[in-house]
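Undergrad: Let's see this in three dimensions:
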Amino acid sequence: MLYELNGETEIKKMEFMNFSDQDKLEKDLENLLAENLTDTLFETKPLLTIFQERARQEEADIYALDENGDLVVFELKRSTAGKGSLEQLFRYVTEAGEWGYTEIENKLKTYLAKTENIDTEDISLAEKHQDTFGLDAPLSEDEFNTNQHMWVVGSAANNSLIRGVNFWKSKGLSIDFLPYRIYEINDNHYFEFFAKPYDGHINPGTRKGIIFDTNKSYDKEGEISSLESMISQKRISSYGSRKDAVKSLNRGDLVFYYHKGEGIVAAAKVTGRRIKKEPNEWYWDVEFLTRVPKDFNNPKSMSYKEVKKVTDQQYYMAVIQKRPYLSYEQAEHLLEELKLLLDE
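TA: Down below sits the predicted model:
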């Protein structure tokens, strides 16, 4: 709920809207959530969307996987959600609980072919899952869908839904309600969503730390690597169609250079006053705070497994700027541990 502050102690509830008030469909809410589950809305506990409801089919609105390979099933309501949402969820989960590895992989391929317009013939569910969550090794086929979790999303919950969710939670079922709200302020619309179990988003306006990809996957054989180019020119860069990824950084942030398949190989502080732009590269000037690699083909690094241990959180790895971002305190702790490792 959003409140307007009037003086030091007086607060006033702000009127909120939902998708129905804006003449939008439930499908619009579904698409918004499905496209942002992994790296934005569920920043601290990312999810991999694998399937969306098809027209005139008895299916849940969204199916996703978590880091453990568990299935997360969403039932969405564009306005107030009632007890009927639970009845629908139970039907969907009863069926989805029987899905095996091949069926889940086929659903992922169908979803990616539709949403990303790519050839999915050679896509492996285990490899896609491993890459998304940065796992040291892919899950085995029988580790997928061993548990199911149910979430109802709506702008509000009526009393019967609240009683139903509380009852089934008391019986040990993994089920919960997630509210969303839309606010209109000065003719602009704002979407409010609180992810379970805790909303741990870092305030993007404060100093922070970001684990940032070095572009290794796109380096061309025989040419200077992106990592070497950034290190030698004291910059943090993003390239091509994703060059705007550096917009996630601000002056004073700590940035950790993540080399795919290796780990974090260096850390720096953003010192530039603005983003510098070249036709195929946007970058910030930086000051390195750790030793930099001398052997760019085999740099010393802190593995992703160790990064998770030091920071006590997991990350969505299939983007340039890994999420969630680090608080400045977390970033400083990671920096100190990285210095010790690289100085050995």
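
Undergrad: CA only for contacts and neighbour counts going forward, please
TA: Noted.

Undergrad: quick one, strands of the stretch 101-250 of the chain?
TA: Applying DSSP state E, counting those that start in this stretch to the stretch 101-250 of the chain gives strands spanning 148-154, 156-157, 175-185, 188-193, 208-213, 235-239.

Undergrad: just checking, which of these sits deepest inside the structure?
TA: Highest mean neighbour count of these: strand 208-213, a mean of 25 (counted as mean count of other Cα atoms under 10 Å).

Undergrad: Please put the alpha-carbon coordinates of that one into CSV.
TA: Presented in CSV, the C-alpha positions along strand 208-213 are these (Å, rounded to 0.1, in the frame of the first residue of the first chain):
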residue,chain,number,x,y,z
LYS,A,208,25.8,-0.4,-4.9
GLY,A,209,27.8,-3.2,-6.4
ILE,A,210,27.1,-5.0,-9.7
ILE,A,211,28.6,-8.2,-11.1
PHE,A,212,29.1,-7.4,-14.7
ASP,A,213,29.7,-9.7,-17.7
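
Undergrad: Specify the angle between it and strand 235-239 in degrees.
TA: Going by axes from the mean of the first three to the mean of the last three Cα atoms, to 10 degrees, strand 208-213 is angled at 60 degrees with respect to strand 235-239.

Undergrad: Number the chain from 616, please
TA: Will do, 616 is the new start, and the previous item becomes strand 823-828.

Undergrad: for strand 823-828, packing partners?
TA: Helices and strands touching strand 823-828, by 3 or more Cα pairs under 8 Å, 6 or more residues apart in numbering; DSSP states H and E, are strand 869-874, strand 941-942, helix 943-958.

Undergrad: Need the residues that contact the shortest one.
TA: To tie it back to what came earlier, the one meant is strand 941-942. For strand 941-942, contacts defined as Cα atoms under 8 Å, 6 or more residues apart in numbering pick out 817, 822-825.

Undergrad: ok, which stretches of the stretch 816-959 of the chain are helices?
TA: Under the criterion DSSP state H, counting those that start in this stretch, the stretch 816-959 of the chain contains helices at 841-848, 919-926, 943-958.

Undergrad: For those helices, give me a markdown table that also has mean pLDDT.
TA: Formatted as a markdown table, the entries for these read as follows, by pLDDT from 0 to 100:
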| stretch | mean pLDDT |
| --- | --- |
| helix 841-848 | 96 |
| helix 919-926 | 94 |
| helix 943-958 | 95 |
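
Undergrad: Can you lay out the ones you listed as JSON lines showing mean neighbour count?
TA: Below are the helices of the stretch 816-959 of the chain laid out as JSON lines (neighbours: other Cα atoms under 10 Å):
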{"stretch": "helix 841-848", "mean neighbour count": "17"}
{"stretch": "helix 919-926", "mean neighbour count": "16"}
{"stretch": "helix 943-958", "mean neighbour count": "16"}
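
Undergrad: who wins for proximity to residue 688 among the ones you listed?
TA: helix 919-926 (26.3 Å; Cα to Cα).

Undergrad: Which one of the strands of the stretch 716-865 of the chain lies nearest to residue 752?
TA: With Cα to Cα as the yardstick, what comes closest out of these is strand 823-828 (19.4 Å).
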